[in-house]
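Participant: give me a 3D structure for the following:
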Amino acid sequence: MIALVDYRAGNLTSVRKALAAVGAPFYTPETPEALETAAAVIVPGVGHFSSTANLDESWRLAILGRLQAGAPLLGICVGMQWLFEGSEESPDVPGLGLLAGRCARLAGDPARQIKVPHVGWNALVPPTGTTSRLLAGVPEGAQVYFTHSYAAPVTDACVAATTHGETFAAAVERGKVFGVQFHPEKSSDVGLQILRNFLSVVGA
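Facilitator: Numbering: from 1, shown residues only. Reported below is the predicted structural model:
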């Protein structure tokens, strides 16, 4: 079973529907101890990075424990940003620190009508030579749905970038740590393919 973590950072309804659509068995743990048997962990979220503070030390240790036991971890939107060291949106709240770097606000460009928040469909562009289990079968330039003001830097963990005034990491992957800045649950067939790919990693 996949543990879908609820830390009061937005409605989980659409994520639950998407997981059901791809046949993923899941549950929402009420305590960190309920993660002990999870085959994988998904940390979604929308809104402000400060909401990740609800994942206190007991949750952090439980999630890290499952990862160390071999369970894949997927962060969605703010959940992906939480995989990094932190965000300038809430400098006093630490990220999980699994990936190097800090998230920063998109600059935007009113003169070119590039607005922040970045809301809508945009393309995924893998860095040259990149391979990704999470994006297997997803063509370069595939469109996915974003809604965010802050974004993660492009590092060696980046397996797909997107440009909205500036280029940022849209998907990251390192070992069994995965993250997407966009919302796969709102990204039609492409998003469902990405969730199926995550399921394949879980079953590997």
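Participant: CA atoms for contacts and neighbours, from now on please.
Facilitator: Noted.
Participant: residue ranges of the helices in the protein, please?
Facilitator: Here the chain has its helices, by DSSP state H, at 13-21, 57-68, 78-81, 188-203.
Participant: right, so of the ones you listed, which gets closest to residue 149?
Facilitator: With distances scored as CA to CA, the stretch of the helices of the chain nearest to residue 149 is helix 78-81 (10.2 Å).
Participant: and that closest one, C-alpha only, in PDB?
Facilitator: These are the backbone C-alpha positions of helix 78-81, laid out as PDB (Å, rounded to 0.1, in the frame of the first residue of the first chain):
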ATOM      1  CA  VAL A  78       5.200  21.800  -2.400                       C
ATOM      2  CA  GLY A  79       5.900  18.100  -1.600                       C
ATOM      3  CA  MET A  80       8.700  18.200  -4.200                       C
ATOM      4  CA  GLN A  81      10.100  21.500  -2.900                       C
END
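Participant: so how far is that helix off the chain centroid?
Facilitator: Average the C-alpha atoms of helix 78-81, do the same for its chain, and the two points are 5 Å apart (CA atoms, centre = their mean, to the nearest Å).
Participant: ditto for stretch 16-23
Facilitator: In terms of CA atoms, centre = their mean, the centre of stretch 16-23 is found 17 Å from the chain centre.
Participant: and the contacts of that stretch?
Facilitator: Stretch 16-23 is contacted by residues 25, 26, 185, 192, 195, 196 when judged by CA atoms under 8 Å, 6 or more residues apart in numbering.
Participant: got the buried residues for that stretch?
Facilitator: 16, 18, 19 (16 or more other CA atoms under 10 Å).
Participant: and the helices of the chain, which is most packed in?
Facilitator: helix 78-81 (a mean of 29; mean count of other CA atoms under 10 Å).
Participant: Provide a list of residues in contact with the most centrally placed residue in the chain.
Facilitator: Central residue check for the chain by CA atoms, centre = their mean: the C-alpha nearest the mean position is that of residue 76, 2.5 Å away. Counting by CA under 8 Å, 6+ apart, residue 76 touches 42, 43, 44, 45, 179, 180, 181, 182, 183.
Participant: what's across from it in the sheet?
Facilitator: residue 180 (DSSP bridges).
Participant: strands along the chain, start to end?
Facilitator: Here the chain has its strands, by DSSP state E, at 2-4, 26-27, 40-43, 73-76, 86-87, 102-105, 118-123, 143-148, 150-151, 158-164, 166-174, 177-180.
Participant: out of these, nearest to residue 112?
Facilitator: In terms of CA to CA, the element of these nearest to residue 112 is strand 158-164, at 10.7 Å.
Participant: tilt between that closest one and strand 118-123?
Facilitator: Taking axes from the mean of the first three to the mean of the last three CA atoms, to 10 degrees, one finds that strand 158-164 is oriented at 120 degrees with respect to strand 118-123.
Participant: related to what we said a few turns ago, which one of the contacts of stretch 16-23 is nearest to residue 32?
Facilitator: Within the contacts of stretch 16-23, distances to residue 32 taken as CA to CA reach their minimum at residue 26, with 15.4 Å.
Participant: alright, that wraps it up for me.
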